[in-house]
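>>> Curious how this folds, go ahead:
(2 chains)
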Amino acid sequence: QKEVEQDPGPLSVPEGAIVSLNCTYSNSAFQYFMWYRQYSRKGPELLMYTYSSGNKEDGRFTAQVDKSSKYISLFIRDSQPSDSATYLCAGVLTGFQKLVFGTGTRLLVSP
Amino acid sequence: DVKVTQSSRYLVKRTGEKVFLECVQDMDHENMFWYRQDPGLGLRLIYFSYDVKMKEKGDIPEGYSVSREKKERFSLILESASTNQTSMYLCASVPLAGGAGELFFGEGSRLTVL
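You can find the predicted model right below:
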């Protein structure tokens, strides 16, 4: 079993929809979680991070962690075509800042 | 802005060739990482380094080696390239005392081994 699991998609939504991207994890040692966005032919860039429980909001993005069910989510409100990208979740093992990534979910937002 | 630069965006090599992938960061970060990214497998850690001349194996180090002679530069070496090393290679860096694992990635090096 992979330490971080993520549905590869693609997930197709119309512009303006609320998007929910999800990951599950198995390693209880993760101390926080990251969401990265990766556009085609580019390196991943950090969107946001949360500690091992609770929510965090940043503009149209909300990251949520449910520690009891080992479930992490990223919500995108009022989705835009420019949000079309692959979204990667990652669990973080502190020390050497080692990240364990999910496979990524490809999101397509149509105008 | 932090910049992580991978010198080669696209490479085509033959089986058995020695391949060098170079990565330079300009923010004086202590930790540097090499990942490979493959469809359906995501990003997998090959090697990382937390200081000059220091290196640690990641999850898939077989067939790879690394070199960190200067703080800003981290090189990935394929001693004898094989077709199963065709992949996207991503370099990343993070300061030792950085925030929650905020890796800064380069643009990637897409390697094809024929």
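>>> rest of the way, CA atoms for contacts and neighbours
Fine.
>>> Which positions in chain A make contact with chain B?
A:8, A:32, A:34, A:41-46, A:49, A:92, A:94, A:96-104 (C-alpha under 8 Å from any C-alpha of the partner chain).
>>> Please list the members of those that lie in strands.
Of these, the ones assigned to strands by DSSP state E are A:32, A:34, A:45-46, A:49, A:92, A:98-101.
>>> is it possible to export those to TSV including distance to B:D38 and pLDDT?
Output for these, formatted as TSV (distance: C-alpha to C-alpha, whole Å; pLDDT from 0 to 100):
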residue	distance to B:D38	pLDDT
A:Y32	24	85
A:M34	20	91
A:E45	17	92
A:L46	19	90
A:Y49	24	85
A:V92	20	86
A:K98	19	77
A:L99	16	85
A:V100	14	89
A:F101	12	92
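>>> Mark which of the residues of chain A next to chain B are buried, thanks.
Buried members of those, counted by 16 or more other C-alpha atoms under 10 Å in any protein chain shown: A:8, A:32, A:34, A:43-46, A:49, A:92, A:96-104.
>>> Which strands or helices does the helix or strand hosting A:L74 pack on?
Assigned by DSSP states H and E, A:L74 falls within strand A:71-76. Counting contacts by 3 or more C-alpha pairs under 8 Å, 6 or more residues apart in numbering or on different chains; DSSP states H and E, strand A:71-76 packs against strand A:19-25, strand A:61-66.
>>> Can you tell me what sits against the first one?
Contacts with strand A:19-25, where a contact means C-alpha atoms under 8 Å, 6 or more residues apart in numbering or on different chains, come from A:2-7, A:13, A:70-77, A:79, A:87, A:89, A:91, A:102, A:105.
>>> What residues sit buried inside that strand?
Those buried within strand A:19-25 under the rule 16+ other C-alpha under 10 Å are A:19, A:21-25.
>>> Run me through the strand neighbours of that strand, direction for each.
For strand A:19-25, the paired strands and their directions (DSSP bridges) read strand A:4-6 (antiparallel), strand A:71-76 (antiparallel).
>>> export those to CSV and tack on mean neighbour count and mean pLDDT?
Output for the strands paired with strand A:19-25, formatted as CSV (neighbours: other C-alpha atoms under 10 Å in any protein chain shown; pLDDT from 0 to 100):
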stretch, mean neighbour count, mean pLDDT
strand A:4-6, 21, 93
strand A:71-76, 21, 95
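>>> OK, now which residue of chain A is nearest to chain B?
Evaluated by C-alpha to the nearest C-alpha, chain A has A:T103 as its residue closest to chain B, separated by 3.7 Å.
>>> Let me know how buried the residue nearest to that residue when sequence neighbours are not counted is, in neighbour terms.
Using C-alpha to C-alpha, 6 or more residues apart in numbering or on different chains and skipping residues adjacent in sequence, the residue nearest A:T103 is B:G42, 3.7 Å away. Counted with other C-alpha atoms under 10 Å in any protein chain shown, the neighbours of B:G42 add up to 20.
>>> Also A:R60?
Using other C-alpha under 10 Å: A:R60 sits among 11 other residues.
>>> and it, what is it in contact with?
By C-alpha under 8 Å, 6+ apart, the neighbours of A:R60 are A:75-78.
>>> Many thanks, we can stop here.
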